[in-house]
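Chemist: Predicted structure and sequence below. I'll ask about it afterward.
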Amino acid sequence: MPSIVLLDQTGKKVKDLELNEVFATPFNQQVIYDVVNAQRAAMRQGTHDTKGRSEVRGGGRKPYRQKGTGRARQGSTRAPQWVGGGTVFGPTPRSYAFKLNRKVKQLALKVVLSHKLNENLLTAVSTCTFEDVKTKKFVEFLNNLKVEGKTMVVCGVDEFEENANLSARNLSNVYYTHCDNASVYELLCYKNLVLTEAAIKYFEEVLK
């Protein structure tokens with residue numbers, strides 16, 4: 001089974017942390033594509049709307065008599081063939097979300113976590129706590145871990161604190177969240193991944 005060095009907030013080694021089979025999952029591009037596709041589809045608002053002939057204003061009166069004009073019969077100026085008429089088969093509000101099996105979602109999460117570990121993009125830290133709201137302190141925390149670029153910091157559910165959240169909020173390339181809220185799409189959007197020890201234990205228990 002793989003292992004990782006556990007650091008404290010100052011960047012000093014605490015111990016070697018043994019990981020279970022969750023972080024040793026073979027890479028599977030198809031399952032990642034399926035889950036990301038589903039998550040992006042669920043993000044769509046689906047509020048687009050066009051008016052059909054029954055919704056367009058006007059057109060209540062027959063434009064001209066049925067016979068005797070030599071023209072094709074018409075019942076309304078709001079039929080689709082008229083300028084200003086309704087739209088045929090236009091988009092209407094709907095949800096784009098579709099169902100994926102729970103095991104597929106879990107497998108994709110395991111694949112991404114394992115990939116981050118194999119590419120040396122995963123950093124383990126004992127805790128991530130701050131006494132007050134200071135963005136400068138959060139930057140120092142990342143510098144101590146020698147993490148550069150877009151970074152996602154994931155803590156345990158019970159560890160999530162508002163001070164850390166507000167401290168990281170002003171950093172455009174940093175996203176701080178708890179493990180129950182981490183998604184495959186978000187993990188792929190950020191180059192580096194920082195997990196607290198509690199978050200690692202959470203993934204090992206939930207995804208095994």
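Modeler: Ah, there it is.
Chemist: Just list what the least confident helix or strand in the chain by mean pLDDT packs against, helices and strands only.
Modeler: Lowest mean confidence among the helices and strands of the chain (mean pLDDT, DSSP states H and E): strand 13-18, at a mean of 89. Packing contacts for strand 13-18, counted by 3 or more CB pairs under 8 Å, 6 or more residues apart in numbering; DSSP states H and E, involve strand 3-7. In this view, the C-beta of every residue, glycine as well, is placed from N, C-alpha and C.
Chemist: re the thing from before, quick check: buried residues in the least confident helix or strand of the chain?
Modeler: The neighbour-count check on strand 13-18 (16 or more other CB atoms under 10 Å) flags residue 17 as buried.
Chemist: Output that strand as CSV - backbone C-alpha positions only.
Modeler: As requested, the backbone C-alpha atoms of strand 13-18 are provided in CSV (Å, rounded to 0.1, in the frame of the first residue of the first chain):
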residue,chain,number,x,y,z
LYS,A,13,7.5,16.2,9.1
VAL,A,14,5.3,14.6,11.7
LYS,A,15,5.3,10.9,10.5
ASP,A,16,4.9,8.6,7.5
LEU,A,17,1.2,8.0,7.0
GLU,A,18,0.2,4.6,5.5
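Chemist: ok, then the element right after it?
Modeler: Sequence-wise, the next helix or strand downstream of strand 13-18 (DSSP states H and E) is helix 29-43.
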